[in-house]
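A.B. asks: this one's sequence-less:
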């Protein structure tokens, strides 16, 4: 099955929804306008049930097939934006200063709405499909909140599938792998407390800037010297704050950053090494070093059978040569991981073409991908729930 004719016909309409959402980006769980737009569309399409307020501001639409009772599968899209100022200059650019859809969640939401419209019209399947619109993927853990709210049990979801656009992957192509496809994430804040004083008399101080600078370099040994080279780990320091004057050595300095891993044991070892390095440097320099370590999203882990199934569906839509079935894992995080911990399923990437990268103020979702995404969701549903 190539791209659905109906999906191609719907492209302009779905792109219009996408651009409407793009103009009014919302952050975290505060996706009230977006959730209301989604809710109105699902009701307009004739979904059998539309439930709001799941995971605080999530929306789920239920569509029953016309071919009798059967299983329920879940299809998930995310709705939230990022705290960035858009510089694309597009006529539909963000109208909200400091907020923009720089990760393509507007496109994900619009494509799933397009699939929901098609599936509600045709209902050419047995069982039911739950179209899941999630808030707060960008750090808020909205996927976890929806799971904790009992979404899987409430709608008797047996399997769940997700999709994300990938800049650099040509439009019309898909990419996936079994096992870990996106990383577990953690965040750390390290506060170095020394003894301040005059910058011209450093011998009377315990300089927290020098110590924190040592830490930035020492933390890189977690990847280079503490972890098996065949394992994946990223330790990035992304913040460094200290001091307010040219001639004063401050009392304290703070660094912060992120850890990305693909295995629980590597994640555990990374935290242990961060704490050990801090303790060692504190002793060496006579300072106090406090570590605030927060494990965040778990590994996004694709289940084997569902990955094969999703790959085959993508091949039906795009052709087998257009589906990359064994891509390298991506070290970004994704809270669809919580849904994959709750139910078997798979997460797939769809090509966004030669565009700016994700989380970039020049990024824009490629509307040419819409028919491919809509067709994938429809084919997946009709195949998984075949009578």
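C.D. replies: Okay, I see it. Treat the numbers as computed from the prediction; the structure is a model and nothing was measured. Numbers count the residues shown, from 1 in each chain.
A.B. asks: residues making contact with stretch 327-335?
C.D. replies: Under the contact criterion C-beta atoms under 8 Å, 6 or more residues apart in numbering, stretch 327-335 has outside partners 134, 136-137, 140-144, 162, 164, 175-177, 180-185, 232, 234, 260, 262, 296-297, 300, 347, 349, 358. No exception for glycine: its C-beta is placed from N, CA and C like everyone else's.
A.B. asks: In strands, which of those residues appear?
C.D. replies: Mapping those onto strands (DSSP state E) picks out 134, 162, 164, 175, 180-182, 184-185, 234, 260, 300, 347, 349.
A.B. asks: tell me the strands in the stretch 151-300 of the chain, going along the chain?
C.D. replies: Applying DSSP state E, counting those that start in this stretch to the stretch 151-300 of the chain gives strands spanning 157-166, 174-175, 179-182, 184-193, 197-198, 233-242, 248-249, 252-261, 288-295, 300-302.
A.B. asks: Using the record's assignment, carve the chain into domains.
C.D. replies: Following the assignment in automatic domain parsing, the chain carries domains at 5-182+299-384, 184-295.
A.B. asks: Can you report the mean pLDDT over the residues of the longest one?
C.D. replies: Just to be clear, that refers to domain 5-182+299-384. Regarding domain 5-182+299-384, the rounded mean pLDDT is 98.
A.B. asks: From the opening residue of it to its closing one, how far?
C.D. replies: Start-to-end span of domain 5-182+299-384 (C-alpha to C-alpha, to the nearest Å) is 21 Å.
A.B. asks: which parts of the helix or strand harbouring residue 116 are buried?
C.D. replies: Assigned by DSSP states H and E, residue 116 falls within helix 105-122. Neighbour-count burial for helix 105-122, counted by 16 or more other C-beta atoms under 10 Å, picks out 105-120, 122.
A.B. asks: Once you drop chain neighbours, what's closest to residue 325?
C.D. replies: Excluding its sequence neighbours, the residue lying closest to residue 325 (C-beta to C-beta, 6 or more residues apart in numbering) is residue 311, at 5.0 Å.
A.B. asks: got the contact list for the nearest residue to residue 90 once chain neighbours are set aside?
C.D. replies: Leaving aside its chain neighbours, residue 90 sits nearest to residue 364 (6.1 Å; criterion: C-beta to C-beta, 6+ apart). Contacts of residue 364 were listed using C-beta under 8 Å, 6+ apart, and they are 22, 88, 90, 355-356.
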